[in-house]
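Participant: Predicted model and sequence follow; I will ask about them next.
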Amino acid sequence: MPKATAKRNATPTAAADIFPHGSLLDIERLSPAEITAILEDARRMEKARADREARRKLGNQFSGKRVALLFYEASTRTRVSFEYASKTLGAMTTIVNATASSIEKGESLLDTGYTLRALGTHVVVMRHPSSGAPHLLAEYLGAPVINAGDGMHEHPTQALLDAYTILNHRKTLRGLRLALVGDIFHSRVARSNIHLLSKFGAKIVMCGPKALLPDLATTLAPGLAIERDLNKALRGAEVVMMLRVQKERLAGLNLDPHDYVANYQLTSERLRQARPGALVMHPGPMVRGMEITAEVADSSRSLIVEQVANGVPVRMAVLARALRGRP
Amino acid sequence: MKPVLIRGGRVVDPANQVDGLFDVLLQDGRVQQVAAPGAIRATGTRVIDARGMVVAPGFVDIHVHLRQPGQEYKETIATGTATAVAGGFTSVCCMPNTVPVNDSPEITRWMRAPERGAVVNVFPIAAATVGSLGEKLTDYSKLKSAGAVAVTDDGKPILGDAIMEQALRAAAKLGLPVIQHAEDTRLTGGCSMNLGPTSFRLGLRGMPVEAESGIVERDIALARKTGAHLHVAHISTRKALAAVRKAKKDGVRVTCEVTPHHFTLLDEHVGDYNTNYKMNPPLRGDDDRAAMIRGLLDGTIDAIATDHAPHALHEKEQEFDRAPMGITGLETALPLALQVLHRAHKLPLPRLIALLSTNPARLLSLKGKGHLGRGAHADVVIFDPDAKWTFYAADSRSKSKNTPFDGWQFTGRVLTAVVSGQIVFTAKDAKVAKG
């Protein structure tokens, strides 16, 4: 088994080099060019899916490759779209759930990884409740790891599909005015989106109560602003990105759900503060009646369903990048 | 045992205001004579040529985890003390968070027994409360008689005001210091690093500096009230240090120590979730690190202690929030202190030696330790302040390799260590000759 301790200690800043090529661990370390390449590849994937001949070719591209979907946390859209994406590329998939595997018997993350590798896994897609778990796995596995959400850290494929979705409606991310509303502190979706959008020069205003949006949040990327008043935060926004708020979390922080709804729920009336034709996004799962009203979620301005659908071509592009494995 | 003559070194003995070229004769486990070079006859002695070297009282680490009894897979008293001596430490004070907790005279005596195979002096620090549960005081009088030099619930801070006051009163009667790991665990649940931009970026829960300073402020108030000696373990924040500085001015009996990693590293160095940068207290931001260096330079900080905390590879190679806190530190303390304090911040060598030896020995009243006056215990370290070398974790004498300093290039290296007049460590390139 590889022992990379010396390598990772000597130069912590150069640590990016130790991860297998094709890994997607977080948005933060990607260059704008790398992100653009993935998004362009996703467009090609989407086109190819619509064409019978191209679809057949696509399905032969990675036949015989094995993708493991290692899920330590529950998921619907991310897991299913990764599975469909893998199969559309011709790769085999297997789902490993924490509760129905040797993980339940106490097998460590690295031992689980070594087991998957010994079974011939080419790429591991992992969701894990611990921030940084994909980095640990990628360092030791010797095969690409795709982060499907790690703790409160990042959810890179969500940010990629969100950018893809926005670019279906807007020419560029540069100068885009975006309001990001809700539980930013606990949100891996927020961190990934902030990194991605600010790399392309979007103007992000974050909104939420202090317990869910500490002042520290502005240190995440250059040019970030906080506006505690939702009406003001929405003013002039072209995209409103809502984040899920869990009732249990509010209870833990002594926040009253009624107050939250009163101050931070996206309603049709509040949405009028935004630019006419502003788009509404939500990474799901959403809690209707909590952070967003059903009316807004189901309105013509809502891209929520489109976001889910775009998960497949974007994850195909990410998987192809990992399965190719070469720079 | 043959007498040992250390010749021609720069003898730095802050307790006796000695700093110059001298010969040192060690005989019958004591310092027999410190005299001008060549003044002592070498006949019948083992001679150590220390020309170009620094000769100092052996270092005293008042904060180490030797993991025995109970966690021998991480470290033992034998391996931990073998590690200590390679770092120039000739005395170590071991923390009570063993399995079981050292809250009894029996365990304290067991730790000190010759069968444990210690190669340096081991001074146990006993639990301040039974099982370190923070409820009922242990028997300080019996623990002291058994050899305990202080009491603490290290790792499990004493949060209750009443029990902390009781501990201070009971310890004061016996002249024992109470050592506190200052962390308000009500503010640090689920946290695995310092609260700041890095913890936010990495999606990790962060410990606020107030979790440390709040307890230090409370403890100082109790020390003021009781007149007891409070010692703050591994201080790491500017705010807590300011409280100590003020209390010292006011005449409160409070002292503190800092670890080499807290004056060397920053929270942002954790990189991609490297668990060898995970310890408690956590690495802090630049403002706090700078305050630690100021505190060392202005004398507010009394001692350097390593908080040597070995953990097995399989424990550290885990998800960051699951991996245990702590790093090894005995072999890297001197070179880090030389690099950061002596060379980068111009701390004079005698003051550095005082922080590593004289002061910690005084803090815990270790008689005969920390100085080289006639009759002192023959515990001596000889180091080359200019030797360049690379530290590799794989070469560490510790059973555990959890250090962030693997592969670091250092200037300044321990060559020889003497404990009770016996040469217990010699680096490959040191010169020892028969007289």
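Facilitator: Arrived safely.
Participant: Excluding covalently adjacent residues, which one is nearest to the residue most central in space within chain B?
Facilitator: In chain B, the centroid-proximal residue (Cα atoms, centre = their mean) is B:A305; its distance is 2.5 Å. Distance criterion Cβ to Cβ, 6 or more residues apart in numbering or on different chains; nearest residue to B:A305, sequence neighbours excluded, is B:H63 at 3.7 Å. Where C-beta positions appear, they are placed from N, C-alpha and C, glycine not excepted.
Participant: ok, now how distant is A:A294 from B:Q318?
Facilitator: Relative to B:Q318, A:A294 is positioned 42 Å away (Cβ to Cβ, to the nearest Å).
Participant: Of those two, which one has the most company?
Facilitator: B:Q318 (18 against 10; other Cβ atoms under 10 Å in any protein chain shown).
Participant: For chain B, which residues score under the pLDDT cut-off?
Facilitator: B:429-435 (pLDDT under 70).
Participant: make it 50
Facilitator: Low-confidence segments of chain B (pLDDT under 50): B:434-435.
Participant: is chain A contacted by the helix ranked longest in it?
Facilitator: Secondary structure of chain B per DSSP state H: the longest helix is helix B:210-226. No: interface with chain A: helix B:210-226 contributes nothing (Cβ under 8 Å from any Cβ of the partner chain), its closest point being 14.2 Å away.
Participant: what residues does the stretch 301-435 of chain B put near chain A?
Facilitator: Within reach of chain A by Cβ under 8 Å from any Cβ, the stretch 301-435 of chain B has these residues: B:313-314, B:317-322, B:392-394, B:401, B:403-408.
Participant: Show me just the buried residues among the residues you listed.
Facilitator: The neighbour-count criterion (16 or more other Cβ atoms under 10 Å in any protein chain shown) marks B:317-321, B:393, B:401, B:403-408 among these as buried.
Participant: Around A:G252, count how many other residues there are.
Facilitator: 10.
Participant: I'd like to know the predicted local confidence at it, please.
Facilitator: Looking at A:G252, its pLDDT is 82.
Participant: List the contacts of whichever strand or helix holds A:E40.
Facilitator: Assigning secondary structure by DSSP states H and E places A:E40 in helix A:32-50. For helix A:32-50, the surrounding residues in contact (Cβ atoms under 8 Å, 6 or more residues apart in numbering or on different chains) are A:27, A:54-55, A:57-58, A:88, A:160, A:163-164, A:167, A:196, A:199-200, A:310, A:312-314, A:316-318, A:320-321.
Participant: 7 Å instead, please
Facilitator: Outside of helix A:32-50, the residues within contact range by Cβ atoms under 7 Å, 6 or more residues apart in numbering or on different chains are A:54-55, A:58, A:88, A:160, A:163-164, A:167, A:196, A:199-200, A:313-314, A:316-318, A:320-321.
Participant: Of these, which ones also sit close to chain B?
Facilitator: Among those, not one lies near chain B by Cβ under 7 Å from any Cβ of the partner chain.
Participant: where do the strands sit along the stretch 51-200 of chain B?
Facilitator: For the stretch 51-200 of chain B, applying DSSP state E, counting those that start in this stretch gives strands covering B:54-57, B:59-64, B:89-94, B:121-124, B:126-127, B:151-152, B:178-180, B:193-194.
Participant: Can I get those strands in JSON lines including distance to B:N102 and mean neighbour count?
Facilitator: Compiled in JSON lines, the strands of the stretch 51-200 of chain B are given as follows (distance: least, Cβ to Cβ, whole Å; neighbours: other Cβ atoms under 10 Å in any protein chain shown):
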{"stretch": "strand B:54-57", "distance to B:N102": "27", "mean neighbour count": "29"}
{"stretch": "strand B:59-64", "distance to B:N102": "13", "mean neighbour count": "30"}
{"stretch": "strand B:89-94", "distance to B:N102": "8", "mean neighbour count": "29"}
{"stretch": "strand B:121-124", "distance to B:N102": "6", "mean neighbour count": "23"}
{"stretch": "strand B:126-127", "distance to B:N102": "6", "mean neighbour count": "30"}
{"stretch": "strand B:151-152", "distance to B:N102": "10", "mean neighbour count": "28"}
{"stretch": "strand B:178-180", "distance to B:N102": "13", "mean neighbour count": "28"}
{"stretch": "strand B:193-194", "distance to B:N102": "29", "mean neighbour count": "26"}
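Participant: Nothing else from me, thank you.
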